[in-house]
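Chemist: My questions concern the predicted model and sequence given below.
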Protein chains: 2
Amino acid sequence: MERAVRELWAESRDLLGLGSPSPDDTAAKASAVPRADLPPTPLAFLRDHVSPGRPLIVSAAATRHWPAASLWPTASYLTDALRSTTVSLHLTPDGRADALAPHPGRHESSSKCFASAHVRRVDFPAAVRLIRGSDPAAGLVAYAQQQDDCLRGEYAAVAGDVDAHVPWASEALGCLPEAVNLWIGNAHSVTSFHKDHYDNIYAVVSGEKHFLLLPPTEHHRLYVRDYPAAHYVAEEKDAGGEHQMRLKLELDEPERIVPWSSVDPCPASPEELDAQASSFPLYSDGPAPIRCTVRAGEMLYLPSMWFHHVSQSPGPNGLTIAVNYWQVWFFGR
Amino acid sequence: MERAVRELWAESRDLLGLGSPSPDDTAAKASAVPRADLPPTPLAFLRDHVSPGRPLIVSAAATRHWPAASLWPTASYLTDALRSTTVSLHLTPDGRADALAPHPGRHESSSKCFASAHVRRVDFPAAVRLIRGSDPAAGLVAYAQQQDDCLRGEYAAVAGDVDAHVPWASEALGCLPEAVNLWIGNAHSVTSFHKDHYDNIYAVVSGEKHFLLLPPTEHHRLYVRDYPAAHYVAEEKDAGGEHQMRLKLELDEPERIVPWSSVDPCPASPEELDAQASSFPLYSDGPAPIRCTVRAGEMLYLPSMWFHHVSQSPGPNGLTIAVNYWQVWFFGR
């Protein structure tokens, strides 16, 4: 049985042309996301990536014509363009929103909940100051990651700086994006392993995004379990003339259960690493996730249902900025 | 449970854009194969037909440039071009090759076997005479239906009269045909319900082909069961100066089991019809198969794994002539 499962992992990666990792391979070489120097034709994209569910990184040629490519990485353009815009900012103490956290009502270290960020509406220049100053040591990490078509909503003033859709993808999929989102963070924001039901085109404008990917065939390696939902609430006070905010985790009322991956690929301590290795052997003992870095200007096509964990490095402006397009590939419409 | 299954049938046909048949619909209107006046672009073909697994009929515009379109329907062209060619001719007493037949060793009417044709190598002009003269009343139906890439093999002398591949399909699928077959029969040859693991492009050159189709989601309606394999053997004698041939069914030795659909959509007698209705209620009580007729010049794209039953009408030359291209759509190669 175990052998059959290991063969499934290897064969499905092999079928996807992502390499069949063996102990001899260097991980980076064995499981690499294909790269294209030029945007694919709609036919090649559909045939070679969408239909088989195979990711693709397209070089900066894909976004070179976007005004955002030159404007957004500069220090002041976005804060000027959005100076009177109120945006939704996601706040956590540690940069881990929509991730597992210690259960607030139980004290065993193994007891976890699913923690959502505290979302606060702030004007954009203040949001950028909070994002740049994010620091888990100070207990506050801010991430602009409202995923409700926000580029065409809150950020409509700058939406024209990028293509309204990715033409080769729209033609291949036969539809326009359902949502276009803007993401602005710094190195401290991390997105835990999850999957989306949308096909995703993720374009980095400033900095880099680092992805860990697992294909849908390795779903069972991620130990998706039910966790009680919780959310951060802000406790504020003025102390010595200074405004202070502390984020505290509270369980959702009424109780809500969220199925989420139990695996943290970047555990914070050796103890946590040991605990993961013994609790989640299918993850720890199996092939490493497929790693890729998407640099400023590049686009990642990530098929729906692929598990992904995302961390990031800021550009010279201190920010990681990205735009993603969510599209439904649902033939027959 | 039964309601859920009926919903599956209706929803999958609806998703495929083939209509959701209800008792009020006229069957022909409700479940029609889409038709295109012009060959599709490779992208539209892949996106709208191959990926969702939705059949398509393309009008005669697809084959109008083939020399075969004008040459093959004439009475003498093929017999001239192939006058010294030996071909494989499939002989049955009733036109039903690769179909269920009464078990030769058991006498209950319900006992069936899977019967293969008697294949005889004859020169092409003789093959055409036998096909034209096919008649179940005389106990002999001949069908040239060798499915081993025969157009590029036995019939290579006329292979250049059709396109070597269907360009929009090859570009969409990213591969050339695995096999190109020629089919020559008359009204008495019928192909029983079965599925192929290849994507199929079926081009009619003379006469008409009548298809009954069921999508893969309705597989369980066809009662695929194990049947012992048998084959027709020829018993020949000269009687009164005349050569006579009688085809007799014999079980394969060693025994071989073939899984095959138990359903005959065109039963020969009212008794057979009643027996089918009581034995195969999922077929009899469910939505009718999707019917389509492919006329001379037209092409049918039939996705792999669709069950199909095929009958035919001859053209003015007394023959139904068709060419099919089998292609493997297997992303990742």
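Modeler: On my side now, so go ahead.
Chemist: What about residue A:226, how many residues nearby?
Modeler: 9 (other C-beta atoms under 10 Å in any protein chain shown). Bear in mind the C-beta positions are built from the backbone N, C-alpha and C, glycine included.
Chemist: backbone phi and psi for residue A:308, please?
Modeler: phi -140, psi 140 (degrees, to the nearest 10).
Chemist: Quick check: bridge partners of it?
Modeler: residue A:194, residue A:213 (DSSP bridges).
Chemist: measure it to residue A:282 for me?
Modeler: 18 Å (C-beta to C-beta, to the nearest Å).
Chemist: higher neighbour count, those two?
Modeler: Taking neighbours as other C-beta under 10 Å, residue A:308 and residue A:282 compare with residue A:308 leading, 23 against 16.
Chemist: Spell out which parts of the stretch 1-150 of chain A neighbour chain B.
Modeler: By C-beta under 8 Å from any C-beta of the partner chain, the residues of the stretch 1-150 of chain A that approach chain B are A:15, A:16, A:17, A:42, A:43, A:46, A:47, A:48, A:50, A:51, A:52, A:54.
Chemist: Which strand or helix spans the third one?
Modeler: Residue A:17 belongs to no helix or strand when elements are defined using DSSP states H and E.
Chemist: Isn't it up against residue A:34?
Modeler: Yes - here residue A:17 reaches residue A:34: they are 6.8 Å apart, a contact under C-beta atoms under 8 Å.
Chemist: what do those two both touch?
Modeler: Here residue A:17 and residue A:34 have residue A:54 as joint contacts, going by C-beta atoms under 8 Å, 6 or more residues apart in numbering or on different chains.
Chemist: which residue ranges form the strands in the stretch 201-333 of chain A?
Modeler: For the stretch 201-333 of chain A, applying DSSP state E, counting those that start in this stretch gives strands covering A:208-214, A:224-239, A:242-251, A:257-261, A:290-295, A:299-302, A:307-313, A:320-327.
Chemist: Which among those is found nearest to residue B:180?
Modeler: strand A:299-302 (34.8 Å; C-beta to C-beta).
Chemist: and the closest one, what does it pack onto?
Modeler: strand A:56-58, strand A:199-206, strand A:208-214 (3 or more C-beta pairs under 8 Å, 6 or more residues apart in numbering or on different chains; DSSP states H and E).
Chemist: Tell me what angle the longest one forms with strand A:307-313.
Modeler: It refers to strand A:199-206. Angle, strand A:199-206 to strand A:307-313, by axes from the mean of the first three to the mean of the last three C-alpha atoms, to 10 degrees: 10 degrees.
Chemist: partners of strand A:199-206 in the sheet?
Modeler: Paired strands of strand A:199-206, with direction, are strand A:299-302 (antiparallel), strand A:320-327 (antiparallel) (DSSP bridges).
Chemist: Present those strands as CSV; the columns should include mean neighbour count and mean pLDDT.
Modeler: Formatted as CSV, these follow (neighbours: other C-beta atoms under 10 Å in any protein chain shown; pLDDT from 0 to 100):
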stretch, mean neighbour count, mean pLDDT
strand A:299-302, 26, 98
strand A:320-327, 24, 97
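Chemist: Which stretches in chain A count as helices?
Modeler: Using DSSP state H, the helices found in chain A span residues A:2-15, A:27-30, A:42-45, A:67-71, A:77-81, A:124-132, A:156-159, A:167-173, A:270-279, A:281-284.
Chemist: Output these in JSON lines; the columns should cover mean pLDDT.
Modeler: Output for the helices of chain A, formatted as JSON lines (pLDDT from 0 to 100):
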{"stretch": "helix A:2-15", "mean pLDDT": "86"}
{"stretch": "helix A:27-30", "mean pLDDT": "46"}
{"stretch": "helix A:42-45", "mean pLDDT": "96"}
{"stretch": "helix A:67-71", "mean pLDDT": "97"}
{"stretch": "helix A:77-81", "mean pLDDT": "97"}
{"stretch": "helix A:124-132", "mean pLDDT": "96"}
{"stretch": "helix A:156-159", "mean pLDDT": "97"}
{"stretch": "helix A:167-173", "mean pLDDT": "95"}
{"stretch": "helix A:270-279", "mean pLDDT": "91"}
{"stretch": "helix A:281-284", "mean pLDDT": "94"}
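Chemist: Just send those back as a markdown table, with distance to residue A:229 too.
Modeler: Formatted as a markdown table, these follow (distance: least, C-beta to C-beta, whole Å):
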| stretch | distance to residue A:229 |
| --- | --- |
| helix A:2-15 | 31 |
| helix A:27-30 | 34 |
| helix A:42-45 | 37 |
| helix A:67-71 | 35 |
| helix A:77-81 | 32 |
| helix A:124-132 | 25 |
| helix A:156-159 | 31 |
| helix A:167-173 | 32 |
| helix A:270-279 | 21 |
| helix A:281-284 | 23 |
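Chemist: What about the residue in the stretch 51-200 of chain A positioned nearest to chain B, how many residues nearby?
Modeler: Residue nearest to chain B within the stretch 51-200 of chain A: residue A:52 (3.5 Å; C-beta to the nearest C-beta). Per other C-beta under 10 Å, the neighbour tally for residue A:52 reads 16.
Chemist: That one contacts residue A:16, doesn't it?
Modeler: Yes - between residue A:52 and residue A:16 there is a contact under C-beta under 8 Å: 6.3 Å.
Chemist: Sweet, I'm off.
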